[in-house]
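*Asks:* coords please:
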Amino acid sequence: MPHTSQIAVIKGDGIGVDVTEATIAVAAAAAEVVGGFSLSYREVQAGAGYFAATGRDIEPDGEETAGTADAILLGAIGLPAIRHADGTEISPHLRLRERFQLYAGVRPARAYPNAPQRLADPDAAAIDLVILRESTEGLFYSAAVHNRSEVIGDSEVRDTLRITRPTTEKLHRFGFRLAEKRKARGRPGRLTCVDKANVFRSMAFFRRIFDEIRPEFPNVDADHNYVDAQALDLIRQPWAFDVLVMENMFGDILSDLAGALVGGMGMAACAEIGDAHGLFQPAHGSAPDIMGQDKANPLAAVLSGALMLDYLADKTGAGAMADAAQLIEESVYRGFAERRLRPMEFGGDMGTTAMTRELIALVGERETRRAASA
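*Replies:* Just a heads-up that it's a prediction; the model follows:
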């Protein structure tokens, strides 16, 4: 019998609705071509729009529903005009990250042919790296659910940067395993620890744990880079890197930089993974300036859906899901190579609906292409 995975879906706000529906449609197309599995969806209402209508940022028992699912698929949350009384944004997804301890933020950056490449060097066409951002601690520990900022009168604010051994050990092992998986798929299998260990004790601790775990993975090339040097290298030679593991704030900044090198946030997929749960979302926001206009590039969400399928394959042992994830990724690449994917974000003529339709066509052509090459 085909394996069925239960997915909690939070479409959220703005273009989140459109790109999530595109992701579900493309995943269904890949499942039909590959066979051997199916996805069942349970929608959870959440976001700024839901807050404006109900006074709650997520439906009753919504967090519990998300926790019982095999994975969580999220579109985008937040609208600038809708905020809490204290001025902060509506952000139930940050509680989900904390509640389920989604410590491993996986943010790929890959160059696609005929998509914008911001670097003139021809080697930029070979950019294919992953920023692995710790997502529950670091400097962000002060924000969101922890609120660990110390306000001293009107003259000083102090934020807590937290690095713990249990979380950091899990993060580094996740990074080494990710490098192993990428090596098996033809990538270099190299893991770089990005830190500021020459200045901060917290970063020296982060690096020390990396070096302690390193001998457990002798087949992975491992090295270090200071974060300022890494920022330089992401401009100077980003094609030289494979997987980069780092603290939360560093990952927040460098993942956006890496995304900009390969087109922008419309291509920025994201997975947030813990020991028992995974949440998958595009790294971009709700883009209220284009909501409802059929202009959004759905590929960041679609590629996040591919990350979800790959995660579910590891979680369930259903290899067909890994095949479907690879099919989606290959279809996106081929779509750009053949100039069949032309998002408006890049000056093209295709909105969300047209991009989704063409990507489904690309996915559906796999068997025809295999037969033609046989």
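
*Asks:* pLDDT on the host helix or strand of A300, on average?
*Replies:* Here A300 is covered by helix 299-316, with elements defined by DSSP states H and E. Per-residue pLDDT values across helix 299-316 average out to 97.

*Asks:* buried set for it?
*Replies:* Neighbour-count burial for helix 299-316, counted by 16 or more other C-beta atoms under 10 Å, picks out 299-313, 315. C-beta here means a position set from N, CA and C on the backbone, and glycine is covered the same way.

*Asks:* pretty sure A85 sits in a helix.
*Replies:* No: secondary structure of A85, determined by DSSP: H, G, I helix; E, B strand; the rest coil: coil, with no helix assignment.

*Asks:* next, count neighbours for it.
*Replies:* 5 (other C-beta atoms under 10 Å).

*Asks:* thinking again about what came up before, next SSE after the helix holding A300?
*Replies:* helix 319-337.

*Asks:* what angle separates the helix holding A300 from helix 319-337?
*Replies:* Our comparison of helix 299-316 with helix 319-337, counting by axes from the mean of the first three to the mean of the last three C-alpha atoms, to 10 degrees, yields an angle of 160 degrees.

*Asks:* can I get the CA coordinates of helix 299-316 in CSV?
*Replies:* Output in CSV follows, covering the C-alpha atoms of helix 299-316 (Å, rounded to 0.1, in the frame of the first residue of the first chain):
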residue,chain,number,x,y,z
LEU,A,299,9.5,28.5,-6.5
ALA,A,300,10.8,29.2,-3.0
ALA,A,301,7.7,27.5,-1.6
VAL,A,302,7.8,24.7,-4.2
LEU,A,303,11.5,24.0,-3.4
SER,A,304,10.6,24.0,0.3
GLY,A,305,8.0,21.4,-0.5
ALA,A,306,10.8,19.3,-2.1
LEU,A,307,12.8,19.6,1.1
MET,A,308,9.6,18.4,3.0
LEU,A,309,9.4,15.3,0.8
ASP,A,310,13.1,14.6,1.3
TYR,A,311,12.6,14.9,5.1
LEU,A,312,9.6,12.6,5.0
ALA,A,313,11.6,10.1,3.0
ASP,A,314,14.2,10.0,5.8
LYS,A,315,11.5,9.9,8.5
THR,A,316,9.3,7.2,7.0
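
*Asks:* what about the protein, any weak spots by pLDDT?
*Replies:* 1, 144-149, 367, 371-374 (pLDDT under 70).

*Asks:* got a list of what the most centrally placed residue in it touches?
*Replies:* Against the mean C-alpha coordinate of the chain, by C-alpha atoms, centre = their mean, the closest residue is C270 at 0.5 Å. Residues touching C270, when contacts are defined by C-beta atoms under 8 Å, 6 or more residues apart in numbering, comprise 105-107, 280-283, 300, 304, 307.

*Asks:* pick the one among these closest to D256.
*Replies:* The shortest distance between D256 and any of these, using C-beta to C-beta, involves A283 and amounts to 7.7 Å.

*Asks:* who does the helix holding A300 touch, helix- and strand-wise?
*Replies:* The elements that helix 299-316 packs onto, with contact taken as 3 or more C-beta pairs under 8 Å, 6 or more residues apart in numbering; DSSP states H and E, are strand 3-12, helix 16-34, strand 71-76, strand 104-110, strand 271-273, strand 278-280, helix 319-337, helix 352-364.

*Asks:* quick one, it and helix 16-34 angle?
*Replies:* Here the directions of helix 299-316 and helix 16-34 differ by 50 degrees (the same axes, to 10 degrees).

*Asks:* how far off centre is helix 299-316?
*Replies:* Once both centres are worked out by C-alpha atoms, centre = their mean, to the nearest Å, helix 299-316 turns out to sit 9 Å from its chain's centre.

*Asks:* with stretch 339-346 instead?
*Replies:* Per C-alpha atoms, centre = their mean, the centroid offset for stretch 339-346 relative to its chain is 21 Å.

*Asks:* cool, stretch 45-61 as well?
*Replies:* From the chain centre to the centre of stretch 45-61 is a distance of 24 Å (C-alpha atoms, centre = their mean).

*Asks:* how about it: buried residues?
*Replies:* In stretch 45-61, residues buried by neighbour count (16+ other C-beta under 10 Å) are 45-51, 57-59.

*Asks:* what sits up against that stretch?
*Replies:* Contact with stretch 45-61 is made by 10-13, 16, 44, 62, 77-79, 82-83, 89-93, 286, as judged by C-beta under 8 Å, 6+ apart.

*Asks:* please state the backbone phi and psi of P215?
*Replies:* The phi and psi values for P215, taken as degrees, to the nearest 10, are phi -60, psi -20.

*Asks:* with the one 3 residues further on instead?
*Replies:* Torsion angles at P218 (phi, psi; degrees, to the nearest 10) stand at phi -70, psi -20.

*Asks:* and it, how many residues sit next to it?
*Replies:* Residues lying near P218 (other C-beta under 10 Å) number 8.

*Asks:* same question for the one 4 residues further on.
*Replies:* Summarising burial for A222: neighbours were counted as other C-beta under 10 Å, giving 22.

*Asks:* can you list the domain ranges for the protein.
*Replies:* Residue ranges for the domains of the chain, per automatic domain parsing: 1-103+267-374, 117-261.

*Asks:* now do the buried residues in stretch 191-209.
*Replies:* Going through stretch 191-209 with 16+ other C-beta under 10 Å, the ones that come out buried are 191-197, 202-203, 205-207, 209.

*Asks:* to clarify, my last question referred to stretch 71-88.
*Replies:* So, applying 16+ other C-beta under 10 Å, buried residues of stretch 71-88: 71-79, 82.

*Asks:* measure stretch 183-201 end to end?
*Replies:* Stretch 183-201 has its terminal residues 32 Å apart, counting by C-alpha to C-alpha, to the nearest Å.

*Asks:* touching that stretch from outside, list them.
*Replies:* The list of residues contacting stretch 183-201 from outside it, by C-beta under 8 Å, 6+ apart, reads 128, 161, 172, 175-176, 178-180, 182, 203-204, 206-207, 210, 217, 219-228, 230, 241-247, 250, 254.
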